[in-house]
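Engineer: Provided below for reference: sequence and predicted model.
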Amino acid sequence: MKNKLFVTGLLAWAVVTHANSYKSDLGGLTLPCATCHGFPEEKNNAMNLYGIKEEIFFYKFKSFQLRLDEDRGVMYYISIAYSDDDIRRMAAYFAKKQ
């Protein structure tokens with residue numbers, strides 16, 4: 001079941017990222033985040049990332065990549081697709097958007 005969820009999520013992420021790559025200066029890196037974390041206008045979203053400090057975003061995102069326990073969750077599988085440079089660029093983007 002987890003493998004099917006992972007493959008489905010990865011496929012959806014790839015399609016959405018490709019479709020949005022022309023709309024963002026980040027090449028669509030942050031669009032998959034909006035699925036769960038919302039857009040800047042969505043103030044009622046408890047998990048909204050807009051306005052988060054760069055160092056906090058980077059640390060939390062990297063912690064998902066480095067998890068070794070069996071219950072890694074969906075963010076582990078999402079995070080492994082990103083390089084440190086991608087994470088830094090996303091951190092800067094979310095920090096300046098509010």
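Structural biologist: Happy to help now that I have it.
Engineer: which residues are contacting stretch 45-55?
Structural biologist: The set of residues external to stretch 45-55 that reach it, using C-beta atoms under 8 Å, 6 or more residues apart in numbering, is 33, 36-40, 42, 57, 88, 91-92, 94-95, 97-98. (Glycine included, C-beta is placed from N, CA and C.)
Engineer: Pull up the distance across that stretch, start to finish.
Structural biologist: In terms of C-alpha to C-alpha, to the nearest Å, the two terminal residues of stretch 45-55 are separated by 21 Å.
Engineer: can you check stretch 68-83 too?
Structural biologist: Across its full length, stretch 68-83 reaches 18 Å end to end, with C-alpha to C-alpha as the criterion.
Engineer: And the average pLDDT for it is what?
Structural biologist: The average of the pLDDT scores along stretch 68-83 is 86.
Engineer: quick one: buried residues of that stretch?
Structural biologist: 76, 77, 78, 79, 82 (16 or more other C-beta atoms under 10 Å).
Engineer: ditto for stretch 82-98
Structural biologist: By neighbour count on 16+ other C-beta under 10 Å, the buried set for stretch 82-98 is 82, 86, 87, 89, 90, 91, 93, 94, 95.
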